[in-house]
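Enquirer: for reference, the sequence and a predicted model appear below.
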Amino acid sequence: MKISLLQMDVILGHPSENRQKVEKMFRQTIEDAPDVIVLPETWNTGFFPENVKELADLQGEPSCSLLSELAGEYKVNIIGGSIADNEKGKVYNTNYVFDRNGRMISKYRKIHLFSPSGEHNFFEHGDEISVYEIDGVKAATIICYDLRFVELVRTLALEGIQILFVPAEWSHHRLEHWKTLLKARAVENQMFVVAVNGVGKAKELKFCGNSMIIDPWGEVVACAGEEEGVITGEIDLSIIHDIRERINVFRDRRPGIYKI
Ligand SMILES: NC(=O)CCC(=O)C(=O)O
């Protein structure tokens, strides 16, 4: 499976420019013939302007129509990063996923809002996980700060996912946390982790890029720098079977002892 990561410099507070940018980057990327294209967090508004409620999409529109059309036209799966999404006056940080026919197959709302930036004062949190299949492979999306919650990712692993997608707008101050936590989630859950971060700045906040694909052994398959651009990597899903044969942590777990 070939996966392309759109590492964007999202323009804070300018959704229509960001949609144009996504379309342009997407059309460049498609020349690599990927099976899956992944976007970063809040790529419509940026993370996040004070007037996010006014700028947010209305129940996914117009961003969902754009992604659905691109997915259908180019017959490619799209993990739509996340968008600020206004539903009945409440704003959610929402991931939508589209299959090769342009059909929406998953909707996930960020469960853990990043309180140090006051995200909880502007957004509502989601309450549900969403597991989906792309080309027959079980996968799920979590969003940025969700990465710190080991319980959430283990829950998804126990649902049988093989690929975890992580759109983000992660701060440069915590670049080492980003790299370490992505690797840890891949190794401890014996799955692929595909993480797409932003670059550039939103006011004082600088994002660290370093979008990457990590295999279940913790090896980095592809990694971006700190500039806007696209990276593509190929993953071999048979590695999962191999590692679980050799070190079967799912068989050896002792859930009766754990408090979570
Ligand atoms: N957008 C976010 O959720 C930011 C999370 C972050 O930077 C972190 O350190 O966690």
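Expert: Okay, I see it.

Enquirer: so which bits of this protein are right by the ligand?
Expert: 41, 47, 114, 144-145, 148, 169-171, 174, 177 (C-beta under 6 Å from any ligand atom). Quick note: C-beta positions are derived from backbone N, CA and C, even for glycine.

Enquirer: narrow those to those that are buried.
Expert: Burial by neighbour count, judged by 16 or more other C-beta atoms under 10 Å, picks out 41, 47, 114, 144-145, 169-171 from the residues of the chain next to the ligand.

Enquirer: where along the stretch 51-200 of the chain do the helices fall?
Expert: With helices called from DSSP state H, counting those that start in this stretch, the stretch 51-200 of the chain shows them at 52-55, 63-74, 119-122, 150-158, 175-189.

Enquirer: I'd like these as TSV, with mean pLDDT appended.
Expert: As requested, the helices of the stretch 51-200 of the chain are exported to TSV (pLDDT from 0 to 100):
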stretch	mean pLDDT
helix 52-55	98
helix 63-74	98
helix 119-122	98
helix 150-158	98
helix 175-189	98
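
Enquirer: I'd like those helices laid out as a markdown table, including distance to residue 10.
Expert: Below are these laid out as a markdown table (distance: least, C-beta to C-beta, whole Å):
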| stretch | distance to residue 10 |
| --- | --- |
| helix 52-55 | 12 |
| helix 63-74 | 12 |
| helix 119-122 | 15 |
| helix 150-158 | 24 |
| helix 175-189 | 17 |
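
Enquirer: contacts for stretch 167-180?
Expert: 10, 38-43, 46-47, 79, 81-82, 95, 141, 143-144, 147-148, 195-198, 202, 205-208, 210, 212 (C-beta atoms under 8 Å, 6 or more residues apart in numbering).

Enquirer: start to end distance for that stretch?
Expert: 16 Å (C-alpha to C-alpha, to the nearest Å).

Enquirer: what bridges to residue 195?
Expert: Per DSSP bridges, the residues bridged to residue 195 are residue 166, residue 212.

Enquirer: in strands, which of the contacts of stretch 167-180 appear?
Expert: 38, 79, 95, 141, 195-196, 202, 205-206, 212 (DSSP state E).

Enquirer: out of those residues, which one sits closest to the ligand?
Expert: If you rank those by distance to the ligand using C-beta to the nearest ligand atom, residue 205 comes first, at 8.5 Å.

Enquirer: would you check that the closest one makes contact with residue 46?
Expert: No - taking contacts as C-beta atoms under 8 Å, residue 205 lies outside contact range of residue 46: 9.5 Å.

Enquirer: tally of neighbours for the residue nearest to residue 187 when sequence neighbours are not counted?
Expert: Spatial nearest neighbour of residue 187, chain neighbours left out: residue 218 (4.4 Å); criterion: C-beta to C-beta, 6 or more residues apart in numbering. Other residues lying near residue 218 total 14 when counted by other C-beta atoms under 10 Å.

Enquirer: look up phi and psi at residue 218.
Expert: Torsion angles at residue 218 (phi, psi; degrees, to the nearest 10) stand at phi 90, psi 10.

Enquirer: got the contact list for it?
Expert: Taking C-beta under 8 Å, 6+ apart, we find residue 218 in contact with 183, 186-187.

Enquirer: with residue 10 instead?
Expert: Residue 10 neighbours (C-beta under 8 Å, 6+ apart): 18, 40, 42-43, 45-47, 169, 198, 200, 202.
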